[in-house]
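K.L.:
just the structure for this:
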Amino acid sequence: QVWSEFNLTTEDTTPFFSGPAFLPWFRMGNMRGWGGPITTANWMESQKELQIKILARQRGLGMRPVLAGFAGFVPAAFATH
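P.N.:
Residues are numbered from 1 along each chain as shown. Coordinates of the predicted model:
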């Protein structure tokens, strides 16, 4: 959703995301596109839904979850848009 606000298409962003086994490194900014690309939007949507459930559960247990901020790395196609 965020990337579409910058006129990036699915074709622009798909090579950017790492495969599921490499998400911790991707989220730390250590790599991009490794073990991927993730080929279905359904996987991305399911991850979003899972994260919403996890956050709701944490809040239900009285926790105050801390969400990651913008790490500063973007798809290569960002430079051309």
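K.L.:
can you tell me the SS state at residue 15?
P.N.:
Counting by DSSP: H, G, I helix; E, B strand; the rest coil, the backbone at residue 15 sits in helix.
K.L.:
what pLDDT does it get?
P.N.:
Per-residue confidence (pLDDT) for residue 15: 82.
K.L.:
number of residues surrounding it?
P.N.:
For residue 15, the neighbour count with other C-beta atoms under 10 Å is 14. Any C-beta I mention is one placed from the backbone N, CA and C, and that applies to glycine too.
K.L.:
double-check it against residue 37; I have them as touching.
P.N.:
Yes. Under the criterion of C-beta atoms under 8 Å, residue 15 makes contact with residue 37 at 5.2 Å.
K.L.:
what residue ranges in the chain score low on pLDDT?
P.N.:
36, 39 (pLDDT under 70).
K.L.:
farthest from the middle of the protein: give me that residue.
P.N.:
Within the chain, residue 62 marks the point farthest from the mean C-alpha position, 25.9 Å out by C-alpha atoms, centre = their mean.
K.L.:
give me the phi and psi angles of it.
P.N.:
Backbone torsions of residue 62, given as degrees, to the nearest 10, read phi 90, psi 10.
K.L.:
gap between it and residue 68?
P.N.:
The gap separating residue 62 from residue 68 is 21 Å, by C-beta to C-beta, to the nearest Å.
K.L.:
contacting residues around the residue lying closest to residue 76 once chain neighbours are set aside?
P.N.:
Spatial nearest neighbour of residue 76, chain neighbours left out: residue 16 (7.2 Å); criterion: C-beta to C-beta, 6 or more residues apart in numbering. Contacts for residue 16 (C-beta atoms under 8 Å, 6 or more residues apart in numbering) come out as 32-33, 37, 74-77.
K.L.:
max pairwise distance over those: which two?
P.N.:
Spatially, the most separated pair among the contacts of residue 16 is 37 and 74, at 15.6 Å (C-beta to C-beta).
K.L.:
can you give me how far the longest helix seen in the chain is from the chain middle?
P.N.:
Longest among the helix segments of the chain by residue count, using DSSP state H, is helix 41-60. With C-alpha atoms, centre = their mean, to the nearest Å as the basis, helix 41-60 stands 12 Å off its chain's centre.
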